[in-house]
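A.B. asks: Task: produce atomic coordinates for the following.
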Amino acid sequence: MECLVGLALSLVLVAPLIKNSGEFIAKQIQYEKSQSLTAEADRALELIGRAIRMAGYQNAHSAIASMGKKSSSGNYIQIQKNSGYRGSDSLMVKQEISQGVDFDCIGNTLSKERTKNNLAQQGFLVDRQASAPKGVKVNGGSLICQSLDRQGRIQNTTLMNGIHHLSFEPLPASTGKAFKVKLEMTDGGSILKRFERIFTTRNLL
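C.D. replies: Predicted coordinates:
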């Protein structure tokens, strides 16, 4: 009887500690997931922002031929609304190759081979996550980078998963063209984080 009483008292004392430890671990896991989503969102927005800023870039020879005028946005930056996963928008950006070293959205060095009609292309869209193993809960869609291979053909590369929604909204700007980019990230469960940035083109009217 004394042993049973002692065991019962021990359980009464230990149970709250076990509960608190479980809650702490759960919160720690959620915090780490949230930090990971934030880091992925920062990376995605940096790539998208870099592409928008470079849209319509002309190298020195083209700039001289066009008397240094900035280009119209019609051919160099295109947005398709509600074209992707869960109604996400897609973006396609075009530019000429500079004399320096530039990279596309998957880290390939832009070169003459990676152009079509003398223009490099970078696109961003959200597609349904295709790489999830059977039976595993899908945590949003996949952010896809569209770029040109060495034969000038479009290639799609998955940058990251966990994309809930992506949108592009043109804004009025005194110089250049400004775009508000909204990105929502999810772990497929309780976490949904929203991010918003504004980027302005450097080479377009």
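A.B. asks: what about the residue lying closest to residue 90 once chain neighbours are set aside, neighbour count?
C.D. replies: Nearest residue to residue 90 in three dimensions, chain neighbours excluded: residue 125, at 3.8 Å (C-beta to C-beta, 6 or more residues apart in numbering). C-betas here are computed from N, CA, C, even on glycine. Look at residue 125: counted by other C-beta atoms under 10 Å, it has 22 neighbours.
A.B. asks: partners of residue 155 in the sheet?
C.D. replies: residue 147 (DSSP bridges).
A.B. asks: picking up where we left off before, okay, and the residue nearest to residue 90 sits in which element?
C.D. replies: Using DSSP states H and E, the element containing residue 125 is strand 120-127.
A.B. asks: Give me the sheet partners of that strand and which way each runs.
C.D. replies: strand 90-95 (antiparallel), strand 141-148 (antiparallel).
A.B. asks: closest to residue 178 out of these?
C.D. replies: Nearest to residue 178 among the strands paired with strand 120-127 is strand 90-95 (13.8 Å), distances taken as C-beta to C-beta.
A.B. asks: For the closest one, list the C-alpha coordinates in PDB.
C.D. replies: The C-alpha coordinates for strand 90-95 follow below in PDB (Å, rounded to 0.1, in the frame of the first residue of the first chain):
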ATOM      1  CA  SER A  90       3.100  34.000 -62.400                       C
ATOM      2  CA  LEU A  91       5.800  36.400 -63.500                       C
ATOM      3  CA  MET A  92       8.100  36.400 -66.600                       C
ATOM      4  CA  VAL A  93      11.000  38.800 -66.900                       C
ATOM      5  CA  LYS A  94      13.300  39.400 -69.900                       C
ATOM      6  CA  GLN A  95      16.600  41.200 -70.200                       C
END
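A.B. asks: Now it: average pLDDT?
C.D. replies: For strand 90-95, mean pLDDT is 96.
A.B. asks: Kindly report the same for stretch 196-205.
C.D. replies: Stretch 196-205 comes out at a mean pLDDT of 90.
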